[in-house]
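> Fold the stuff below for me.
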Amino acid sequence: MRSWLLLAVFIIAVIGTGSLLGIVTAPGPWYAALEKPWFTPPNWLFGPVWTVLYLLIAIVGWRVWNRPGLPTLKGLWVVQMALNFLWSPVFFGAQAIGLGAIVILALLAAILAFIGKAWTRDPVSATLFVPYAAWVGYASALNIAIFLLN
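Residues are numbered from 1 along each chain as shown. Just a heads-up that it's a prediction; the model follows:
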């Protein structure tokens, strides 16, 4: 019972914080006026994609916290979460495209490090982070392209 309660806490905390940040730092006229690359997805796609990814991130956090002896994975999970939650305030809030690129590349590195470390210790968690890595890789290319175009 305690384990399932912890899962609920992870889901509520991760999706709730991500959603709140999305609302507080919603793209506005500044973002709409930026020159964007041809591979920019429609705005409506970001919410559903991030909701699914935040669910996977929460499940992975729960898995890591439920298993003893994984301090490196716990640390990497916290680092990627901090970088994830930092990106929107930097990119949209501060309108700092270049700094946003640095943050998102650090986030991608943390996700890939987590996958690499988890692959032998918790392959399910590593696998659950693969779509996250793919999306953040794509978002990194998008961030860098927007930086170069503007």
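
> Can you tell me how far the spatially most central residue of the chain is from Leu99?
Nearest to the mean C-alpha position of the chain, by Cα atoms, centre = their mean, lies Asn84 at 4.2 Å. Taking Cβ to Cβ, to the nearest Å as the measure, Asn84 and Leu99 are separated by 15 Å. C-beta here means a position set from N, CA and C on the backbone, and glycine is covered the same way.

> now do Leu148
Taking Cβ to Cβ, one finds Leu148 at 15 Å from Leu99.

> got it, and Ser19?
Applying Cβ to Cβ, the value for Ser19 to Leu99 is 23 Å.

> and if you look at Val78?
Counting by Cβ to Cβ, the gap from Val78 to Leu99 is 21 Å.

> Same check on Lys74?
Using Cβ to Cβ, we find Lys74 at a distance of 27 Å from Leu99.

> least trustworthy helix or strand in this protein by mean pLDDT?
For the chain, counting by mean pLDDT, DSSP states H and E, helix 2-24 ranks last in confidence among helices and strands (a mean of 92).

> contacting residues around that helix?
For helix 2-24, contacts defined as Cβ atoms under 8 Å, 6 or more residues apart in numbering pick out 46-47, 50-51, 54-55, 57-59, 61-62, 65-66, 81, 84-85, 88-89, 93.

> repeat that for 6 Å
Helix 2-24 is contacted from outside by Tyr54, Ile57, Ala58, Gly61, Trp62, Asn66, Phe85, Ser88, using Cβ atoms under 6 Å, 6 or more residues apart in numbering.

> and after that helix, which helix or strand comes next?
helix 29-33 (DSSP states H and E).

> Can you show me the CA trace of that following helix as CSV?
Listed next in CSV are the C-alpha coordinates belonging to helix 29-33 (Å, rounded to 0.1, in the frame of the first residue of the first chain):
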residue,chain,number,x,y,z
PRO,A,29,3.6,36.9,-28.0
TRP,A,30,7.4,36.9,-27.6
TYR,A,31,7.5,33.2,-28.6
ALA,A,32,5.0,33.7,-31.4
ALA,A,33,7.1,36.4,-32.9
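
> angle of the following helix or strand past it against helix 2-24?
Next helix or strand after helix 29-33 toward the C-terminus (DSSP H and E): helix 43-66. Angle of helix 43-66 versus helix 2-24, following axes from the mean of the first three to the mean of the last three Cα atoms, to 10 degrees, is 150 degrees.
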